[in-house]
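Visitor: Kindly generate the corresponding structure for this input.
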Amino acid sequence: MRIAFSLEKFSDVTLLIISSSGRIVKKMEMRSMSEGLHQYDVTWDGLNENNTPVPSGVYLCQLRIGDYLNTKKIAVIRR
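Guide: Alright, predicted model coming up:
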């Protein structure tokens, strides 16, 4: 998954994976970043904070930059 974003000022950037019930499954803090255009390739391995595989389902991928939120749906499909 490629994430591109532009910052107007120095900000903390966090990527959250959230279950359909609203529980935070995984928190990936990218770090504090300076202003400008940033592009990241992010890989989520399908594991939760305890390194246990999450079940199949729809999850929310939420990018948080200060007060700004951008949320997209992602699916995990297990066989």
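
Visitor: What residues sit buried inside the helix or strand of the chain with the lowest mean pLDDT?
Guide: Scoring the helices and strands of the chain by mean pLDDT, DSSP states H and E places strand 2-7 at the bottom, with a mean of 74. Going by neighbour count (16 or more other C-beta atoms under 10 Å), the buried part of strand 2-7 is 3, 5, 7. All C-beta spots, glycine's among them, are computed from the backbone N, C-alpha and C.

Visitor: Now do the strands in the protein.
Guide: 2-7, 11-18, 24-33, 36-41, 57-65, 68-76 (DSSP state E).

Visitor: got these as CSV, with distance to Glu49 columns?
Guide: Shown next, in CSV, are the strands of the chain (distance: least, C-beta to C-beta, whole Å):
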stretch, distance to Glu49
strand 2-7, 20
strand 11-18, 10
strand 24-33, 6
strand 36-41, 20
strand 57-65, 14
strand 68-76, 15
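
Visitor: Sounds good, over and out.
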